[in-house]
Structures are given as C-alpha cells and as structure tokens.
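**Student:** Need a 3D model of the sequence below.
(3 chains)
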Amino acid sequence: MNMSALEITAEPHVGEVVMQATDLTVEVSTERGWVTIVDSVDLTVNRNEVVGLVGESGSGKTLTSLSVMGLLPKNARISRGSVDLMGQRISDMEERKLADVRGAKAAMIFQEPRRCLNPAFTVGDQVAESLRRHRGWSRKRAMQHTIELFKLVEIPQAEHRVKQYPHEFSGGMCQRVMLAMAIACDPMLLIADEPTTALDVTVQRQVLELIRRLQAELGLGVLLITHDLGVVAEMCDRVSVMYAGQVVEEAPADELFHNPQNPYTSALLQSMLEPSRRGEPLGFIPGLVPAPHEFPATCRFQDRCRHAVEETCRQTIPLTSVAPGHLSRCARAAELDLPGVRA
Amino acid sequence: MTTTNPTLSVRGLTKVYGRRATLLRRHPHQLKAVDGVDLDIAPGKTLGLVGESGAGKSTVGRLVLRLIEPDAGTINLLDTDISTMSRGDLRRMRSHATMIFQDPYTSLDPRMLIKDSVAEPLIVHTDDNRATRHKKALEMVRRVGLDTAHMERFPYEMSGGQLQRVAIARALITDPSFIVCDEPVAALDVSTQAQVINLLNDLQAERGISYLFISHDLRLVRLIADEVAVMRAGKLLETGSAERVFAAPETDYTRELLAAIPGRSPRHRRFNGETAASVELDEAEREEAVVV
Amino acid sequence: MSLADSTNLSATPPKRRRRLNNRVLRRLMRNKAAVASMVVIFLLVVVAVFGDLLAPHDPNKVTLSLRLMGPSGDHLLGTDELGRDVLSRLIVATRVDLLASAQAVGIALSVGVPLGIVAGYLGGFTDAVLSRVIDALMTLPPLILAVVVVAILGPGLRNAMFAIAILIVPSFYRIVRASTQGARNELYIESARASGCGTWRILWRHILPAVAPPLLVQASFSASVVIVAEASLSFLGLGARVPQATWGLMLNDASSNLTTSAYLIYPPTVMVAITILAFSLLGDGLRDALGRQTTDGK
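**Tutor:** Below you'll find the predicted structure:
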C-alpha cells in the first residue's frame, strides 16, 4: 500500500458502520466498590460522519470514548455490552491484539497534545514509529511517509519540522502532529476527545477545519467528544447528549439544536452564550449532577428539571424514538414544547 | 470622588521578564510580557480584556493590583496612585480592590473551611469579632446562592461552580469597588458558567463594582463587557465600546479572533474549510517571540 | 488523577460529610502496621510516664552478690554486672530515651522549620545563604560533629542530644523549604495576597498547614534515628553517663560482659529495635494517609 493514505481513493460509503457500541456499561472501582459510570450506552459512528458526544463533567463521555478504544484505566471495566470496530468485537479482546487494532482501525487524539508526545524524541520519529510498528516499514520509508503526513495536516516546512522536538511546537502544531500520528495507519475511526479545549480560538478553528477536511478526504468516521456546543454546531452531523452516564438524546445536529426533545438538551442550549441575549440573565441549570453512586433508577435529571412531574418522572425512563433518527429519554417529551437555539 | 473619574486608570504599564544585560551576559534575554498598556475603567462598568494565551492578559490583571510589580507605568485606582504605594498601604487597599481567579479548585485553601475562607479578609481588614465575622460571612454566602450547610464544608466537598461562588463571596465581603476577574468561568461547566456570570452581573448592578474581566472567550466578553480591549503579545491592539469592537473591528487580528468564534447551531456554521494563512505564520512568530 | 477521584468531585451530601482530619485518621486506621506501631508507641509512653511505679526494683541499687544473674522469678530479665535489675533499668531507660529523642526532634524542628519556611517563601538571597549554610552542615561527618560538640559542651545526654539535633536540622529544613516552595506558587496563596493578607498570616495560616503533613512524617522517622543515635553515642561514652540508665548505656555495659553473659545484650537491643520500628512504620503510615489526602483535596 504505497502512499495510498494520501490519495483520495476511497469512495464515500455513507452508512457503513465503523464503530458500534451496544448497551455499553462501564464500572469504576471506588471506595464504595464498583460503581456504574456509563450506563447502557448505544453509540454508532458511520463512515463519512462526524458524531458529537456532548456532556458536562461527570457525564461519562470520556469513559465511553476510552472504552471504545480499549483504553480503559485499570480501575475501570466494561461490565455489560459490547464494542465493535469495523465489525470486529474489541470489548473482550486481549491487550496484545487490541494494540494492533488501535492505530490500524481506530485512532484517538486528546485534549492536551503536548502531554501525549515524548519530549525526548523528535516528532517525526514518534510518528514514524507507529508506521514501523504497524506496517513493518523501514526507518527511511516511514520517515518519508511521515513527511507526507505532515504536509497533509498542513504543518509548514514539513521536511524541517519532522526533525524538531515537541517543545519547539506550539499547542496547535502539537495537535497537528497528533493528527498525523492518528491517521498514519489509515484508520477508519478517529476519536477526538476535547481536541481543541486547550487551544486558542484561532488555533481551535484551524484544527477543527483540518479535522473536517481529513474526515472528508479520508472518508473517516469521527467521534468528537466535547462540552462546547459551539464546536458541535460547527462540526457534527449527528449528536448524542450524555447526562449522568446515560445518553439522554440522540438526533441529527440540526434537529437537536432547533428542535430538542429532552429538557436537559434544551437547558444546555439555553446556557449557550448567545450575543443576542445581551442584557438578560443567562440560562443555567440549577443544582448538581448526582454522584455516580447515587444515580437514581428514575429520571436522573429530575431534580434539576423545570418540567419534572412527580409521578411521570419517578420511574425508569427508556430512550425512545420521538421521530425518525431522533431518540430522547424523557417521559414528557411528547407533551413538552422545548426551546432550541433561537433561529 | 466624582463619578466621572475612572475607577481604574492605567498608563504605560510595562512588565519585562528575563535577565538584563550584564558584564558577562552581553545579550539580554528579555520578554516584554506587558508593553505600554493604557486602560480606563469607569465606575460600575466592565472592561473585557481579550487575547490568546501568552498575550499577557493575566499579567495585566495582576499588575493593576500590584500582585506583580510593574517595571514602568502608573496605576490610578480609586483616585489614588498605587504604583508608588507602600506595602502597608497596598495591603489596606486590597479591601477596595481584589481578584477572582480562574481555577476555584486551587484558589481556595484546601485546608480551610468555607466559612473561614470567606471571613478571612475581615480578619485582615476589620476589627470585627468572631461572631460579627461569622454573621457577615453567612450573609455573603447566602447572597451568592449557597446556604448555611456549605459554611462548614471543605473545598473538596463542593463543585466548581459552588467554589467559584465562594471565591466571589470572599472577594466581596469587604465591599470592594473594583475586582479583577481572571477567566472566572473557564474551568466551569457550560450549564454552571451562566450562574456565575449572572451573579457577577447582579452584584455589579447592586453595588456599582467595576470589573476588569479577563477572558479568552469572545462569546462571553461580548455578552457582559461594556468596553473591550484586545491584547496580543503584550501590546494593546485596540480598545473601544463592546458594540463597536464586535461590529467594526479595527485590526485584522480582532477580525480573525471574531471569525474564529464557532456558530450557534448547524444552520449558522461559520467555518468554511479554509485555513487563514496569516494566522499560521503568526503562530510561528509568536513562538519565536517567546525567546527574543 | 484517578477516575475514582474525579467522580468524587461531584458534591457529597451533608449526611456523609467528614472532617479532613477524620479522613486521614480513617486511612491511618486501615493501615494495620501503623495501628500496631501506634499501640507500641502508646505503651512506650505509658511505660515512660509510670516507669517508677512499674519497675519491680530500684534500678540503681547495686547488689554485688547478685552480679550477672540469669533471668529468674525475682529478676525477670536477670541482673547486670553490678547486680542491678535489668528489667527495672530497661523501664526507667524508656523515659530517658523518649525524652531525649523528643528533645532532639524538638530542637531540630524549632530551628529547621522557621528557617525552611523563610528560605522557601522569600527565596532569592536569603534562600541562597541559608541553603549553603545547611549544605555545609550536612558535609560534617556525624560522629565527628558529635564528638566536637561533646568536647565543647562536656559529655552528657543533654549535650549529645543537642549534637544530634544539629545533625537532623538539615532534613527538616529541606523538607519544609521544598514544601513551602511548592505551596508558595499555589493559587490560594496568591488569592490570600490579593485579599490583603500579610506575610506572617500567609506563612502561619496557609503555608504552615500545607507543610505540616510531610513534617509530621519526617518527625516520626527522625525520632527513630535519634533513638539509634542516642544508643550509639552512649555506647561510645559520649552520651548518657553512669549511673543514668539508657538503652545505649545498657548496651555498653552488656558489651563488656559479652563473653560471659551474652544474653544481656538482648533486652536493650530489642527495645531499640521495637521503638525504631514503631516510629518508622508510623512515619510510613502517616505518609500514605496524608499523601493521598493532599491529592484528593484538589
């Protein structure tokens, strides 16, 4: 496969499933024993699609993404459900086989790119390393390909930059290096966990546009994990909103922003910083996310919800379809008229 | 004091980091973190100071309160020149002008109860006895939307949003006229950010406090600032009323900053798939600027 | 930060609220070695306080007719070369040893802590000068220093402890200085300055509580070092002097009769071993319990 990564050979196969998590349940060991943090999450990413996974701290979005990569920390385990990457079940795969899948089928970039790079090696060596490992290429060939990859992620003076060390790169440039490393082995799935949260706005824009471009050119499925609804608005085709370990709403992006069917999503959209709101108090959600060991069996947003009704909400609420492709976990979804983003 | 006088007026504020040239070190290794900054903040108004990381925003915030010593410039706070003030006077000044920090998890002493953290400025600035201090602290804690139970907690027992409200209570307990807010909501969740911002706004309306509001988030600054100052590499690029700066930015850099604000919904996408080449170069430049 | 910690950040409801110190204590209590060592230290303190009542015989009563007797019903641990009851001497020596070690640690703390805090907080020239002096102190060979101090001040337990205190000052100084430097850059210190707190208040109310945990650990370890040092110095005749009873002196006495009554070496050795083990394990336990607290506390 010579340089094929750089040629746009792949026909867009919309609809081909790249990653599928089914009933994914993740537990973490705490002082109180095993506590369920991620509860029965269903998540699908297709080719040529950017799926947003939105949630605030404590929603379980990061653990979800880590379990998709088989990167769960030692004190966490998948207790139920499965994860399939390109039709291959990875949730019960042993670590050594998993290492081959990672990188080749799926790759991940993180919030703080600099911390993912080893300061003692040149960035070029670190990207080439994964090519040599996964592809068995020679040093020279791997380095040549690395230079091509650097050009692909728009690092200027690629030939010169591959020989530099991480400290000579700014945050945005480090994230580009991570992207080059991520796409080095032609993965089909890219997981981006808050990829621009630590970056400046102008750099954030560049990195997001780059991810968009790579996604389109390489036909990637992208799972974008973020808390920033603005980033979601710019990037995503489909969005899953997580709250307290559960998916509470899943919908096409446009639908989600303009016609939310879950009070939490709606409240989150109301707390977005919109310039048209100048002078009026900003919307916020009172109260706190419940701690994982006290997740109720009933609606988990109940205590903070403006629309909660005693009997209706005090039961286990399933994730149900409210419209084609639009799921919501709310007992009152049908009767409520929830505001979305102002047109 | 007349109302027309600005709460804070800064001229030629400069801070240089690094070492000067000496006999043995011919080439000075210096970085002008803040370079000739002029600012004015009117009573009861908010000046939003925006810029990207490394622009020197936080340094300005600390300089105007002399938490860091400026190398040049004058600082007029509440009609007093504080740039030459003695250390004792400076400490007394801090009951009128103080600061709220970015990370509420680390800006409160982890070994102090919330009530002690909130009441601490009273110990320093007043002769109040224990009972009075406790009463005032409780009032303040209630004012920021927390209750008696929170008084007896340690910081680790509370959420980020609650802690930032504690930090605000602590800052406000001496009834200051000016507060530097250094990215006060950057560490908070979206749904709680607004709560803190609303609180800051309410308190401003209630007490006529002036804010120097430092933020990298232009969406936020646009919502709450009366005046905006854009900083880059230690220098002030432009200042003006918030409406003017956001509607008709004068510099390319401000325009780029504004263009980088994400849209509000998929229908309002703003990114167009092209990368601004000038920013690319600028980033490289900035890296070099660090090692002038 | 582990995942468990991050999940704990969401607020704990009031009913399960715990005090900071209780959490440390709870962790300490879960550590069996630390609990055992605390029990041992408690018993040692009881023995030290009530030693006069507990001792079956007068520890200094010389009965030459009963020299070097093995353990018997009357003298549970036998008698020494002057016919004194070994058990009684051991009990009385506990007080002397514990007091001596408290004295040495106390002196070292009262010198090392203020210097360390000042050096760490002020930095710059003050720090440079203080640190060089402490470094110089550390280059002195311990035994030589002890000999010199004893030569100047004269022999005696008190003077020997003074010498040992000088020797352990650097360890306290360094720990306090390092922790202070860490704490100095914390945001809550800057916040205290922004609220108008003066330097003394910051040092006393914010820095000192932050450096206390590692200090406590070091103090516990030092106590064990001092016990050994006391034994060594007394053994060499530089510490306590007859007829005072200390574990070190008892070792000294025992060694001269090593060929005839070897068993005499055991009682003081066992006491020294138990004591230093207890202090070391307590130090370990404290370090674990306090260490985790500081990371969770964020």
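**Student:** For the stretch 51-200 of chain C, which residue gets nearest to chain B?
**Tutor:** Relative to chain B, the nearest point of the stretch 51-200 of chain C is C:Gly196 (3.3 Å; Cβ to the nearest Cβ). Glycine gets a C-beta too; all of them are placed from N, C-alpha and C.
**Student:** mind checking how far stretch B:223-237 is from the chain centre?
**Tutor:** 12 Å (Cα atoms, centre = their mean, to the nearest Å).
**Student:** could you point out where the stretch 201-343 of chain A is predicted with low confidence?
**Tutor:** Counting by pLDDT under 70, the ranges of the stretch 201-343 of chain A that qualify are A:276-277, A:343.
**Student:** name the element C:Ile117 belongs to?
**Tutor:** Using DSSP states H and E, C:Ile117 maps to helix C:86-122.
**Student:** which other helices and strands contact the helix or strand following that helix?
**Tutor:** Next helix or strand after helix C:86-122 toward the C-terminus (DSSP H and E): helix C:124-139. On a contact count with 3 or more Cβ pairs under 8 Å, 6 or more residues apart in numbering or on different chains; DSSP states H and E, helix C:124-139 meets helix C:86-122, helix C:157-184.
**Student:** Could you dump the ones you listed into TSV with distance to chain A added?
**Tutor:** Formatted as TSV, the helices and strands packed on helix C:124-139 follow (distance: least, Cβ to the nearest Cβ, whole Å):
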stretch	distance to chain A
helix C:86-122	28
helix C:157-184	20
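**Student:** Columns mean pLDDT and mean neighbour count on top of the ones you listed, output as a markdown table?
**Tutor:** Shown next, in a markdown table, are the helices and strands packed on helix C:124-139 (pLDDT from 0 to 100; neighbours: other Cβ atoms under 10 Å in any protein chain shown):
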| stretch | mean pLDDT | mean neighbour count |
| --- | --- | --- |
| helix C:86-122 | 91 | 21 |
| helix C:157-184 | 90 | 22 |
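**Student:** what's the next secondary structure element after the longest helix along chain A?
**Tutor:** For chain A, the helix with the greatest residue count under DSSP state H is helix A:201-218. Using DSSP H and E, the helix or strand that directly follows helix A:201-218 along the chain is strand A:221-226.
**Student:** Adjacent strands (with direction) for that following strand?
**Tutor:** With DSSP bridges as the test, strand A:221-226 is paired with strand A:49-54 (parallel), strand A:189-193 (parallel).
**Student:** which parts of the helix or strand that the longest one is followed by are buried?
**Tutor:** To tie it back to what came earlier, the one meant is strand A:49-54. Downstream of strand A:49-54, the next assigned helix or strand under DSSP H and E is helix A:61-68. Of the residues in helix A:61-68, A:Lys61, A:Thr62, A:Leu63, A:Thr64, A:Ser65, A:Leu66, A:Ser67, A:Val68 count as buried by neighbour count, 16 or more other Cβ atoms under 10 Å in any protein chain shown.
**Student:** Output the residues you listed in JSON lines; the columns should cover distance to B:Ser83 and pLDDT.
**Tutor:** Below are those laid out as JSON lines (distance: Cβ to Cβ, whole Å; pLDDT from 0 to 100):
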{"residue": "A:Lys61", "distance to B:Ser83": "48", "pLDDT": "90"}
{"residue": "A:Thr62", "distance to B:Ser83": "46", "pLDDT": "88"}
{"residue": "A:Leu63", "distance to B:Ser83": "51", "pLDDT": "91"}
{"residue": "A:Thr64", "distance to B:Ser83": "53", "pLDDT": "93"}
{"residue": "A:Ser65", "distance to B:Ser83": "50", "pLDDT": "90"}
{"residue": "A:Leu66", "distance to B:Ser83": "51", "pLDDT": "90"}
{"residue": "A:Ser67", "distance to B:Ser83": "56", "pLDDT": "90"}
{"residue": "A:Val68", "distance to B:Ser83": "56", "pLDDT": "89"}
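**Student:** Can you tell me which of the residues you listed lies closest to chain B?
**Tutor:** When these are compared for distance to chain B (Cβ to the nearest Cβ), A:Lys61 wins out at 12.0 Å.
**Student:** and that closest one, what does it touch?
**Tutor:** By Cβ atoms under 8 Å, 6 or more residues apart in numbering or on different chains, the contact set of A:Lys61 is A:Leu53, A:Val54, A:Gly55, A:Ile225, A:Met242.
**Student:** which residues of chain C score low on pLDDT?
**Tutor:** Residues of chain C meeting the criterion pLDDT under 70: C:1-21, C:291-298.
**Student:** ok, and the closest non-adjacent residue to the most centrally placed residue in chain C?
**Tutor:** Nearest to the mean C-alpha position of chain C, by Cα atoms, centre = their mean, lies C:Ala223 at 1.6 Å. Closest residue to C:Ala223 apart from its sequence neighbours, by Cβ to Cβ, 6 or more residues apart in numbering or on different chains: C:Phe279 at 4.5 Å.
**Student:** Which strand or helix spans the one you found?
**Tutor:** helix C:266-296.
**Student:** again, but for A:Val35
**Tutor:** strand A:33-46.
**Student:** Is any residue of that strand near chain C?
**Tutor:** Yes. Using Cβ under 8 Å from any Cβ of the partner chain, we find that strand A:33-46 touches chain C at A:Val35, A:Ile37.
**Student:** Just the buried positions in that strand, please.
**Tutor:** Quick answer for strand A:33-46 (16+ other Cβ under 10 Å): A:Val35, A:Thr36, A:Ile37, A:Val38, A:Asp39, A:Ser40, A:Val41, A:Leu43, A:Thr44, A:Val45, A:Asn46.
**Student:** Which residues of the stretch 151-292 of chain B lie near chain C?
**Tutor:** Checking the stretch 151-292 of chain B against chain C by Cβ under 8 Å from any Cβ, the hits are B:152-160, B:162, B:167, B:170-171, B:174.
**Student:** The residue in the stretch 51-200 of chain C that chain A sits nearest to and B:His96, how far apart?
**Tutor:** Nearest to chain A, among the residues of the stretch 51-200 of chain C, is C:Leu187, at 18.2 Å (Cβ to the nearest Cβ). Separation of C:Leu187 from B:His96 (Cβ to Cβ, to the nearest Å): 22 Å.
**Student:** check contacts around the residue nearest to C:Gly116 when sequence neighbours are not counted.
**Tutor:** Leaving out its chain neighbours, the residue that sits closest to C:Gly116 by Cβ to Cβ, 6+ apart is C:Val176, at 2.9 Å. By Cβ under 8 Å, 6+ apart, the contact list for C:Val176 reads C:Gly112, C:Val113, C:Leu115, C:Gly116, C:Ile117, C:Gly120, C:Val211, C:Leu215.
**Student:** Let's see that with 7 Å instead.
**Tutor:** Contacts for C:Val176 (Cβ atoms under 7 Å, 6 or more residues apart in numbering or on different chains) come out as C:Gly112, C:Val113, C:Gly116, C:Ile117, C:Gly120, C:Val211, C:Leu215.
**Student:** Reformat the strands paired with strand A:221-226 as TSV; add distance to B:Arg133 and mean neighbour count.
**Tutor:** Output for the strands paired with strand A:221-226, formatted as TSV (distance: least, Cβ to Cβ, whole Å; neighbours: other Cβ atoms under 10 Å in any protein chain shown):
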stretch	distance to B:Arg133	mean neighbour count
strand A:49-54	43	25
strand A:189-193	45	24
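**Student:** a markdown table for those strands, including distance to B:Glu120 and mean pLDDT?
**Tutor:** Below are the strands paired with strand A:221-226 laid out as a markdown table (distance: least, Cβ to Cβ, whole Å; pLDDT from 0 to 100):
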| stretch | distance to B:Glu120 | mean pLDDT |
| --- | --- | --- |
| strand A:49-54 | 39 | 95 |
| strand A:189-193 | 38 | 93 |
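**Student:** could I get the ones you listed as TSV with distance to B:Ile100?
**Tutor:** TSV is the format used below for the strands paired with strand A:221-226 (distance: least, Cβ to Cβ, whole Å):
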stretch	distance to B:Ile100
strand A:49-54	28
strand A:189-193	29
